[in-house]
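Undergrad: The following comprises the amino acid sequence and a computationally predicted model.
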Amino acid sequence: MNDNEYFVSGHKACAGCSVPILVRWVLKIAGPDTFVVNATGCLEVFSTPYPYTSWKVPWIHTAFENSAATATGIDASIKRKGLLNAHIIVFAGDGATSDIGLQALSGMAERGNDVLYIMYDNEAYMNTGIQRSSATPYGAWTTTSEIGTENLIGKKEKKKPITDIMVAHNIPYAATVNIAFFNDFKDKIKKALGIKGTRFINALAGCPTGWKHDPSKTVEVMKLATRTGIFPLYEVVNGQMRITYRQDPRIPVGDYIKVQGRFKHLQNNHAVIDEIQKNVDSWWSKY
């Protein structure tokens, strides 16, 4: 791993944001021969307040919908120039991936462009005011799934299975990562960087602002997401799935829910908590 820093301090991320940790370590593993494409979102806004930047590698900002298309163009360009050892990495949030950018991402996966696409999943449109995305979990409060007399649940739809969707494109590598499980995270980033073609990483990204918890507890909360089984860690290599972390026995999902303000309306709603637990147990029974 490179000792140099390619994503540096001075940015304006919220206290306790997990995304700078994710980006810093991805780039330390990837090294200097890296091109970064960054979709509009929290990361782009807090890392590049004009005239400053935290990026020490070539970096380009794109709109929500076209980071994969931009990465495709870079892939074609560096191949023409013979820069065959360079990495192309996309960083995009869940809104720019599961929602607005899904069309371009699907096209890139179908073509097999040599790009590592990393979705930092903070489970809502955090930068624009904590609106729901398709990656927002069932039962969560957002400013567009507010709690009131007409809605006692929060978001009523289940989280979109974006990793499954990418696996269905027959890409050579897809995985989920959680920086709270650092060795697993590091191994998967290294593996993904060593594979050619379109690779997809779904990275849980704790957000104290939107998840409404103590900023000093981000890693602890993210750890609970995986130890309860809500955010399982696995990889799919050429269609073969392998679970890379098992908690036995799993911690009840209520322990994860009770430490986040976005779920505070569920504290006495045992039916919804039971439904979330049922969904988690169903996933683990399947796999």
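TA: All right, it came through fine.
Undergrad: Mind naming the longest helix for this protein?
TA: Longest helix in the chain by number of residues (criterion: DSSP state H): helix 270-286.
Undergrad: which other helices and strands contact it?
TA: helix 253-257 (3 or more CB pairs under 8 Å, 6 or more residues apart in numbering; DSSP states H and E). Glycine gets a C-beta too; all of them are placed from N, C-alpha and C.
Undergrad: same for the helix it packs on, what does it pack against?
TA: Helix 253-257 packs on helix 218-227, helix 270-286, going by 3+ CB pairs under 8 Å, 6+ apart.
Undergrad: What is the subsequent helix or strand relative to the first one?
TA: To tie it back to what came earlier, the one meant is helix 218-227. Using DSSP states H and E, the helix or strand that follows helix 218-227 in sequence is strand 234-237.
Undergrad: Alpha carbons of the helix or strand just after that following strand, as CSV, please.
TA: With elements assigned by DSSP H and E, the helix or strand that comes after strand 234-237 is strand 240-243. This file holds the C-alpha atoms of strand 240-243, laid out as CSV (Å, rounded to 0.1, in the frame of the first residue of the first chain):
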residue,chain,number,x,y,z
GLN,A,240,-19.9,-16.9,-7.8
MET,A,241,-21.0,-15.4,-4.4
ARG,A,242,-19.0,-15.7,-1.2
ILE,A,243,-20.1,-14.2,2.1
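Undergrad: what about strand 240-243, distance to the chain center?
TA: 19 Å (CA atoms, centre = their mean, to the nearest Å).
Undergrad: ok, now stretch 266-273?
TA: That offset, for stretch 266-273, works out to 26 Å (CA atoms, centre = their mean).
Undergrad: what's the answer for stretch 110-119, then?
TA: 15 Å.
Undergrad: now stretch 67-83
TA: 23 Å.
Undergrad: Name the residues of it that are buried.
TA: Of all the residues in stretch 67-83, those buried under the rule 16 or more other CB atoms under 10 Å are 67-72, 74-75, 78.
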